[in-house]
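Q: quick one: sequence and predicted model below, then my questions.
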Amino acid sequence: MKDTHITQPQFAMIWFGAALSIAEIMTGTYLAPLGLTQGLYAIILGHIVGGILLFGAGLIGGRLRQGSMNTTAFSFGSWGAKGFAILNILQLLGWTGIMIYDSMLALQELIPFDPHIWAIAIGCLVILWLFIGLHNTGYIHGIVSTLLLILTIYMGYHIISDWPSHTLSISSNSMSFIAAFELSIAMPLSWLPLISDYTRESQKPLSASLISAGVYTITSIAMYALGLSTALFGGGDSIIAILMNAGLGITGLIVIIFSTVTTAFMDTYSAGVSSTAICRALSTKGVAIVITIIGTIAALVYPMDDITDFLYLIGSVFTPMIGILLADFFINQQATQTTIAHIIRAIIWLISVGVYHYMLHTESFIGATIPAFIVAFIATILVGRLQAHKQQ
């Protein structure tokens, strides 16, 4: 990587492009059974929680000048960092496949063509983006982000203009408010293991983290709301319904292609950065290209129509991780030094993962993310204080 810094406008453009994706819109459609009002409440509250955690992760990486998975060594040691790097690479591989899969289906419906060719074409564009490089895509990101913003506003205006005078609701018991709340948290959390790969490049970690998390959160809320509105009022529950009802043919194709490429680029690039936490000799760009190829193949082989379980799994893994890391970095203010300390953090993480899944299945009024985070955060503080007391 070049020894340069990403500017604040570039951070804004990068994270705007990350949120402007088909996956975000499609996840918003899942919340339709709640109706408009309850759905928007779940979207906004969930994104506020997820956005705060995203900001904290970005600030840690920016201050340590390390990629996201390398920062986990602060609490879990080098072997723990390797473990989380592997988990992150797997989730990024999954996201790459999902993005290409969704785009493949959308493009094939908009312009009937062999879906395999669409998938391969998108994969090749992502690889091209990787060769252009993170520091050389500033103007491209700016142009693409501006075009996508205009098209998104147009699609949103079209949906709003066709809304009925009263709020509709889809009769279904398949989605509770808490489940929708957790799905809204999970999307920002899926970017949590990536944000430091970018904020580490900033000379102003605080503002970079705030801009990154803020722009992403606001844009993601808009994408979720667009998906929710389409499912309720747009005559369908997919991105195709939005594009076709808005009369966007070739323009819709451009939206899908560039939103997929800009988002998948971040996934594959960060997978490459995470790989260096496993082995420093690995090439960031080389690993990113391999991830793109495997993700493209996965999109051609596996159906990926419902990603709710995938999102919940991401939340269960990375919520406790960031809870422990935030507690050690901001409260205990000391990196763990011993194997025993690393093992204790790993045990806290495992217990918190269990708490997440237990609370998720009980569908309590508080959800799963907040209890899992609180358990991890408080337990880490208590352990840190106990260890500090013994050292006195």
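A: Received it, and whenever you're ready, just let me know what you need. Numbers count the residues shown, from 1 in each chain.
Q: where are the low-confidence patches of the stretch 51-200 of the chain?
A: 133-145, 155-156, 158-173 (pLDDT under 70).
Q: quick one: the helices in it?
A: Secondary structure of the stretch 51-200 of the chain by DSSP state H, counting those that start in this stretch: the helices cover 68-71, 73-110, 115-132, 138-161, 177-191, 196-199.
Q: regarding Gln334, what is its secondary structure?
A: Under DSSP: H, G, I helix; E, B strand; the rest coil, the three-state class of Gln334 is coil.
Q: contacting residues for Gln91?
A: 190, 193, 314, 317 (C-beta atoms under 8 Å, 6 or more residues apart in numbering). C-beta: built from backbone N, CA, C; applies to glycine.
Q: neighbours around the third one, how many?
A: It stands for Ile314. Look at Ile314: counted by other C-beta atoms under 10 Å, it has 23 neighbours.
Q: circling back to that earlier point, now the helices of the stretch 51-200 of the chain in a markdown table, with distance to Ala346?
A: Listed next are the helices of the stretch 51-200 of the chain as a markdown table, based on distance: least, C-beta to C-beta, whole Å:
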| stretch | distance to Ala346 |
| --- | --- |
| helix 68-71 | 15 |
| helix 73-110 | 6 |
| helix 115-132 | 33 |
| helix 138-161 | 38 |
| helix 177-191 | 20 |
| helix 196-199 | 20 |
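Q: Ile307 is nearest to which of those?
A: Closest approach to Ile307 among the helices of the stretch 51-200 of the chain (C-beta to C-beta): helix 73-110, 5.8 Å.
Q: can you give me the buried ones in that closest one?
A: Neighbour-count burial for helix 73-110, counted by 16 or more other C-beta atoms under 10 Å, picks out 73-77, 80-85, 87-89, 91-108, 110.
Q: also stretch 306-322?
A: So stretch 306-322, judged by 16+ other C-beta under 10 Å, has buried residues 307, 310-322.
Q: got it, and stretch 192-204?
A: Buried residues in stretch 192-204 (16+ other C-beta under 10 Å): 192-202.
Q: which among those gets closest to Ala264?
A: Nearest to Ala264 among those, counting by C-beta to C-beta, is Leu194 at 12.1 Å.
Q: list the residues that contact that closest one.
A: By C-beta under 8 Å, 6+ apart, the contact set of Leu194 is 68, 88, 92, 266-267, 270.
Q: report pLDDT for Val317.
A: As predicted, Val317 sits at a pLDDT of 95.
Q: let me know the pLDDT of Ile242.
A: pLDDT, Ile242: 61.
Q: mind starting the numbering at 43 from now?
A: I'll keep to 43 as the first residue from here, and by that count the last item is Ile284.
Q: for stretch 219-239, output the C-alpha coordinates as CSV.
A: What follows is stretch 219-239, C-alpha atoms only, in CSV (Å, rounded to 0.1, in the frame of the first residue of the first chain):
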residue,chain,number,x,y,z
PHE,A,219,-40.0,-5.8,16.1
ILE,A,220,-37.0,-7.2,18.0
ALA,A,221,-36.1,-9.4,15.0
ALA,A,222,-36.2,-6.4,12.7
PHE,A,223,-34.2,-4.4,15.3
GLU,A,224,-31.5,-7.0,15.3
LEU,A,225,-31.4,-7.2,11.4
SER,A,226,-30.9,-3.4,11.4
ILE,A,227,-28.0,-3.7,13.9
ALA,A,228,-26.5,-6.6,12.0
MET,A,229,-25.7,-4.7,8.8
PRO,A,230,-23.5,-2.0,10.4
LEU,A,231,-21.9,-4.8,12.4
SER,A,232,-21.0,-6.7,9.3
TRP,A,233,-18.8,-3.7,8.4
LEU,A,234,-17.3,-3.5,11.8
PRO,A,235,-14.4,-5.9,11.0
LEU,A,236,-13.5,-3.7,7.9
ILE,A,237,-13.7,-0.1,9.0
SER,A,238,-10.2,0.1,10.5
ASP,A,239,-8.7,-1.1,7.3
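Q: much appreciated, bye for now.
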